[in-house]
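[1] for reference, the sequence and a predicted model appear below.
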Amino acid sequence: MPSSVFATEIATFADRLAAASANVTLPLFRTPLDADDKSDDGVFDPVTAADRDAETAMRALIRDAYPEHGIEGEEHDDERTDADYVWVLDPIDGTRAFISGLPLWGTLIGLKHKGKPVFGLLHQPFTGETFTGATFPGEEPVSLYRRGSIRHDLRTRARPELSEATISTTSPRQFSGATLEAYDRVERQCRLARYGYDCYAYAMLAAGHVDLVVEAGLKPCDILPLVPIIEAAGGIVTTWDGAPVTAGGTAIAAGDARLHEAALALLGA
């Protein structure tokens with residue numbers, strides 16, 4: 001992981017946060033668990049006690065270790081968002097998968113410095129996998145996969161042509177009208193499409209198995225922790241307008257800049 005003392009400290013602390021979240025979420029996975037619907041548009045948006053309690057546990061650790069840092073989260077109110085360093089938490093990205101007993105969810109932990117994502121971690125406690133990325137200023141970007149004793153760098157694959165690409169989106173039902181037409185223009189040009197992977201699709205992009213992820217309706221906590229993982233692995237993440245994804249909304253992630261350019265042109269056609 002990163003070489004500076006602070007960057008190494010942050011990476012170690014993020015592992016503590018992931019462990020604290022897993023201590024809450026993993027015992028509740030594949031158990032009878034009530035899910036509340038927090039949607040306001042009629043599209044089922046579940047949240048469980050596992051989501052809320054895991055975020056509470058992570059927030060307590062951050063307040064104790066870094067009281068001067070801010071926190072943005074999925075389930076609780078933001079704190080000190082004007083701080084230089086702000087943690088971004090999504091305790092269960094993929095709650096629909098979680099309540100369905102599917103291991104296609106993960107805990108997302110990110111750190112912003114003056115608004116820019118500089119560290120990200122995705123932890124899947126059921127499979128024991130961790131994906132991390134660091135893009136601290138002045139340091140060599142590092143993106144790493146860990147599972148038990150297995151450790152290796154993450155690297156996106158060179159895949160410039162849409163006709164050879166694998167594309168993923170959580171669900172085509174997240175799109176409608178013009179956004180659905182735009183997404184369809186891209187998917188029709190791709191070789192293979194896969195649905196339902198939430199944050200795990202971005203991890204597979206960083207690992208070189210998926211080439212393109214296209215989404216809409218994202219909150220900042222859904223995407224910001226994934227940005228350093230993808231960028232340090234050689235990929236690119238922007239909105240459909242080519243802007244930074246710091247505010248959430250639409251996102252297009254690509255392992256190859258040439259593929260990103262081609263897909264971006266179709267999305268805006």
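    Arrived safely, thanks for sending. Numbers count the residues shown, from 1 in each chain.
[2] what's the closest non-adjacent residue to the residue nearest the centre of the chain?
    Against the mean C-alpha coordinate of the chain, by CA atoms, centre = their mean, the closest residue is residue 226 at 3.7 Å. Distance criterion CB to CB, 6 or more residues apart in numbering; nearest residue to residue 226, sequence neighbours excluded, is residue 202 at 4.4 Å. (Each C-beta comes from the backbone N, C-alpha and C, glycine too.)
[3] one more: residue 206?
    In space, residue 206 is closest to residue 233, 4.0 Å off (CB to CB, 6+ apart).
[4] give me the neighbour count for the one you found.
    25 (other CB atoms under 10 Å).
[5] and if you look at residue 199?
    So residue 199, with other CB under 10 Å, has 27 neighbours.
[6] same question, residue 28
    By other CB under 10 Å, the residues close to residue 28 number 18.
[7] pretty sure the residue nearest to residue 206 contacts residue 155?
    Yes - in terms of CB atoms under 8 Å, residue 233 counts as a neighbour of residue 155; the distance is 5.5 Å.
[8] follow-up on the earlier one: pull up the per-residue confidence for the residue nearest to residue 226.
    pLDDT, residue 202: 98.
[9] tell me the contacts of it?
    122, 213, 226, 229, 230, 253 (CB atoms under 8 Å, 6 or more residues apart in numbering).
[10] go with 10 Å
    By CB atoms under 10 Å, 6 or more residues apart in numbering, the contact list for residue 202 reads 93, 106, 108, 120, 122, 131, 168, 210, 213, 215, 222-223, 225-227, 229-230, 235, 237, 251, 253.
[11] mind checking which helix or strand it is in?
    Using DSSP states H and E, residue 202 maps to helix 199-206.
[12] likewise residue 137?
    If you go by DSSP H and E, residue 137 is not part of any helix or strand.
[13] list of residues touching the helix or strand bottoming out on mean pLDDT in the chain?
    Here the helix or strand of the chain ranked lowest by mean pLDDT, DSSP states H and E is strand 36-37, holding a mean of 80. Outside strand 36-37, the residues that touch it by CB under 10 Å, 6+ apart are 43, 44, 45, 46, 47, 48, 49, 51, 52.
[14] what sits against the nearest residue to residue 262 once chain neighbours are set aside?
    For residue 262, ignoring the flanking residues on the chain, the nearest one in space by CB to CB, 6+ apart is residue 162 at 5.5 Å. Counting by CB under 10 Å, 6+ apart, residue 162 touches 186-191, 211-212, 258-259, 262-263, 266.
[15] again with residue 66
    Contacts for residue 66 were tallied using CB under 10 Å, 6+ apart; they are 9, 10, 13, 83, 85, 87, 111.
[16] can you list residues touching both of residue 233 and residue 155?
    Any residue near both residue 233 and residue 155 by CB under 10 Å, 6+ apart counts here, and that gives 143, 145, 206, 207, 208, 255.
[17] and for the fifth one, the neighbour number?
    Just to be clear, that refers to residue 208. By other CB under 10 Å, 17 other residues sit near residue 208.
[18] just the element for it, please.
    Using DSSP H and E, residue 208 falls within no helix or strand.
[19] so how far is residue 141 from it?
    As judged by CB to CB, to the nearest Å, residue 208 and residue 141 stand 16 Å apart.
[20] which SS class is residue 39?
    With DSSP: H, G, I helix; E, B strand; the rest coil as the basis, residue 39 sits in coil.
[21] list the contacts for it?
    The neighbours of residue 39, taking CB under 10 Å, 6+ apart as the test, are 45, 46, 47.
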